[in-house]
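In: Test case, fold it:
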Amino acid sequence: MARHFILGVDLGAHSVKVVQLETGFRQLRLHDCHELEIEPGDEPYLARAARALAKLVADHDLRDTTIYAALPGDQLSLRLLALPFSDTRKIEQVIGFELESQILGDIDEVVYDHTVVDHTPQGGARVLAAAARKTGVRELLERVAEGGSEPRALFAAPLVYDTLVDRFMPGRSGTFAIVDVGAERTNVAVIRGGRVVLARTIQRGGGELTRAVARTYRLAEAEAERVKRSSGFAPHADLRIEAGPHTQMAELMRAALAPLVRELRQTFALARVELGEPVMAAHLCGGGSQLHGLPEHLQEQLEIVVERLQIEGGPGFAQLADSEQAQATMPLALAVGLAGATGRREVDFRRGEFAYKADFSFLRAKATYLAACVLAVLACAALDAYAALHKLRQDETVLDQRLRAETQELFGEPQSDPEAVSKRIRQGIKMDELPVPAATAYDLLDEISKNMPAADKIKLDVTELEIKAKKTFLKGTTDSASAVDEIAAGLAKIPCFINEKGDSIQKGAITNVVGQQDLKQFTLTISSKCP
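Out: I've put the predicted structure just below:
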């Protein structure tokens, strides 16, 4: 069976992470994952990150993969919009107008997309919209393309974490968050019902802790990073802290983590206001989340359940579950790869002028396989056509037998030419001889109703109406003898009641109604040509 590889790319601040997924018929598994640090230097970040990605692709022979990437959250503007309608076409029409009043600059200078997160009982919808400057999207795509990579899609990084929930946390209920603590930014995705319903990127991460260690202990940044990883910890009530250096480290980390804690608290408070329910738990991932004691520290500060994100292995993902380092650093790259592999509707900035233009060079490498597939399709089409023709011939035989039987009964001899039979029927049968009435009793009742005098002219109450073949009988009460004449005159206009002599309507005796001198009782007997 042919294998197809998908590459999910996470362009981190300090390293590039890629996850290689293998897809096949009804299967998806992790093939491999790789990480490469971005070289320090004075060059722009994107140039160095793109070079690291190109090196990863070349070193691990990943050129024949379909690449999906994510635009970092610090380059995005995310907005949760409440709209009074849920029609998809209307939402697409108004997103630009809604964003224009909430972003800086001209709407023509940004590329934007959206996803509907849920619907309100009143028929409205909550929409999560993301916008990015065209200059930033263009620069990222150009830099990556220079290294020989062309992302098929460019997702909004904070909005793809729900693919992890679909794959590894099915059936998870309630409102919770995935907090991806990177080196310089922290992605927060609030998830409810398996969908990201609120997201933001906080401009703080593990790099803040490294720089705090470097300032306090007067170390180079590389050495401070080593000290943080080996000796750093986040203080919490269950951690025994000894006097001296441990106390200093505890206070240092508490102060360095305070801004991140404050931003997380504000994010979860906003989620409670927007969604009407609190965030009950947070799952940590990212390189910065590996700090010892961080889950316990955040749990004390935020007063919610905080634990590290656990990606259970399952079929095809065991190697990821077995590596704590991969569990922490690869979730975003994995989420991006899963979004591309599953074909879910995601916020994608490859639209408009940035739309992906397919490169068909990979088809040449699979020409033999594709030719075999085409031949198999043609063979299936030929078999289907033969089966359809065989069925039509069987139906033709049955219809021919029926035609012969019917014409034998009608003409006394069997015939098999449909046109000849039709011609003979038209010549031998007149339309007025067919047992089809010119009008039904219902049609005649409709005509009687239409030709009665208007209600504002006479007072009429029909007490009996009998419509039979060739005869109609009507009995009722009215307010005067002249009204009976008007009724008869109106009914005389009905084609079924008209005859050559003009005497189709016979009036009966007009009598006073007992006890009501102002009402006259009458009867009409009408000769009818139909029904």
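In: okay, CA-based contacts and neighbour counts for the rest of this
Out: Noted.
In: how near is the residue most central in space within the chain to Ile91?
Out: Against the mean C-alpha coordinate of the chain, by Cα atoms, centre = their mean, the closest residue is Arg345 at 6.6 Å. Separation of Arg345 from Ile91 (Cα to Cα, to the nearest Å): 15 Å.
In: now do Ala328
Out: Ala328 is 37 Å from Ile91, by Cα to Cα.
In: The two: which has the busier surroundings?
Out: Set Ala328 next to Ile91 and count neighbours by other Cα atoms under 10 Å: Ala328 wins out with 24 against 19.
In: Pull out the buried residues from the helix or strand harbouring the more buried one.
Out: Assigned by DSSP states H and E, Ala328 belongs to helix 324-329. For helix 324-329, the neighbour count (16 or more other Cα atoms under 10 Å) marks 326-329 as buried.
In: Report all helices and strands that it contacts.
Out: strand 281-285, helix 318-321 (3 or more Cα pairs under 8 Å, 6 or more residues apart in numbering; DSSP states H and E).
In: The strand or helix carrying Glu225 - what's its average pLDDT?
Out: Glu225 belongs to helix 221-231 when elements are defined using DSSP H and E. Taken as a whole, helix 221-231 has a mean pLDDT of 92.
In: Tell me the first helix or strand C-terminal of it.
Out: Helix 221-231 is succeeded, C-terminally, by helix 245-275 (DSSP H and E).
In: now that next one: how far from the chain's centre is it?
Out: 36 Å (Cα atoms, centre = their mean, to the nearest Å).
In: quick one: average confidence on that helix?
Out: pLDDT averaged over helix 245-275 gives 93.
In: now stretch 470-485
Out: On average, stretch 470-485 scores 87.
In: Next: stretch 328-342.
Out: 91.
In: Can you list the neighbours in contact with it?
Out: Residues from elsewhere that reach stretch 328-342, judged by Cα atoms under 8 Å, 6 or more residues apart in numbering: 6-10, 17-21, 23, 33, 68-70, 153, 155, 157, 160-164, 180, 284-287, 289-290, 309, 346.
In: Over to stretch 227-236?
Out: Residues from elsewhere that reach stretch 227-236 (Cα under 8 Å, 6+ apart): 209-210, 213, 249-251, 253-254, 291-294, 296-297, 300.
In: Weed out the non-buried ones from the residues you listed.
Out: 209-210, 213, 249-250, 253-254, 291-294, 296-297.
In: And the residues you listed, which is closest to Gln506?
Out: Checking the buried ones among the contacts of stretch 227-236 against Gln506 with Cα to Cα, the nearest one is Glu296 at 103.4 Å.
In: before we move on, which element is that closest one in?
Out: With DSSP H and E as the test, Glu296 turns up in helix 294-302.
In: Give me the domain ranges for this protein.
Out: 1-160+313-362, 169-310, 369-433, 441-527 (automatic domain parsing).
In: okay, the helices and strands packed on helix 324-329, which one's buried deepest?
Out: With neighbours defined as mean count of other Cα atoms under 10 Å, these peak in mean count at strand 281-285, which reaches a mean of 23.
In: What angle do helix 294-302 and that strand make with each other?
Out: Counting by axes from the mean of the first three to the mean of the last three Cα atoms, to 10 degrees, strand 281-285 points 140 degrees away from the direction of helix 294-302.
In: could you give the angle of strand 281-285 to helix 245-275?
Out: Going by the same axes, to 10 degrees, strand 281-285 makes 120 degrees with helix 245-275.
In: Please tell me how far stretch 485-504 is from the chain's geometric centre.
Out: That offset, for stretch 485-504, works out to 65 Å (Cα atoms, centre = their mean).
In: tell me which residues in that stretch are buried?
Out: 487-488, 490-492, 496-498, 504.
In: Out of the residues you listed, which two sit at the greatest distance?
Out: Ile487 and Cys496 (15.8 Å).
In: before we move on, the earlier item: out of the buried residues of helix 324-329, the closest to Ile107 would be?
Out: Thr329 (34.7 Å).
In: Tell me the span between the first and last residue of stretch 268-288.
Out: Start-to-end, stretch 268-288 (Cα to Cα) is 20 Å.
In: now stretch 323-335
Out: End-to-end for stretch 323-335, by Cα to Cα: 17 Å.
In: what's Pro44 in contact with, if anything?
Out: By Cα under 8 Å, 6+ apart, no residues touch Pro44.
In: May I see the helices and strands packed on helix 324-329 arranged in JSON lines, with distance to Ala339 and mean pLDDT as well?
Out: Below are the helices and strands packed on helix 324-329 laid out as JSON lines (distance: least, Cα to Cα, whole Å; pLDDT from 0 to 100):
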{"stretch": "strand 281-285", "distance to Ala339": "18", "mean pLDDT": "95"}
{"stretch": "helix 318-321", "distance to Ala339": "18", "mean pLDDT": "71"}
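In: and those as a markdown table, adding distance to Thr120?
Out: Formatted as a markdown table, these follow (distance: least, Cα to Cα, whole Å):
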| stretch | distance to Thr120 |
| --- | --- |
| strand 281-285 | 24 |
| helix 318-321 | 38 |
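In: who touches Pro151 in this structure?
Out: 66-69, 141, 356.
In: run the last query once more with 6 Å
Out: Going by Cα atoms under 6 Å, 6 or more residues apart in numbering, Pro151 touches 67-69.
In: now do Ala132
Out: Here Ala132 is in contact with 76, 110-111 (Cα under 6 Å, 6+ apart).
In: and the residues you listed, which of them are in strands?
Out: Under the assignment DSSP state E, the contacts of Ala132 contribute 76, 110-111 to strands.
In: from the contacts of Ala132, which is closest to Ala379?
Out: Val111 (45.5 Å).
In: what sits against Glu466?
Out: Counting by Cα under 6 Å, 6+ apart, Glu466 has contacts 472-473.
In: three-state assignment of it?
Out: Classification of Glu466 by DSSP: H, G, I helix; E, B strand; the rest coil places it in strand.
In: and of the helices and strands packed on helix 324-329, who's closest to Leu378?
Out: Of all the helices and strands packed on helix 324-329, helix 318-321 comes closest under Cα to Cα, at 40.5 Å.
In: Arg172: neighbouring residues, count only.
Out: Counted with other Cα under 10 Å, Arg172 comes out at 14.
In: Per-residue confidence at it, what does it come out as?
Out: As predicted, Arg172 sits at a pLDDT of 82.
In: on that earlier part again, now distance to Ser449 and pLDDT too, for the ones in strands among the contacts of Ala132, in TSV please.
Out: Below are those laid out as TSV (distance: Cα to Cα, whole Å; pLDDT from 0 to 100):
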residue	distance to Ser449	pLDDT
Leu76	71	90
Val110	68	92
Val111	66	92
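In: Which of those residues sits closest to Thr267?
Out: Leu76 (16.3 Å).
In: Tell me how many other residues crowd that closest one.
Out: Quick note: Leu76 (other Cα under 10 Å) scores 20 neighbours.
In: Once you drop chain neighbours, what's closest to it?
Out: Spatial nearest neighbour of Leu76, excluding adjacent residues (Cα to Cα, 6 or more residues apart in numbering): Ala132 at 5.0 Å.
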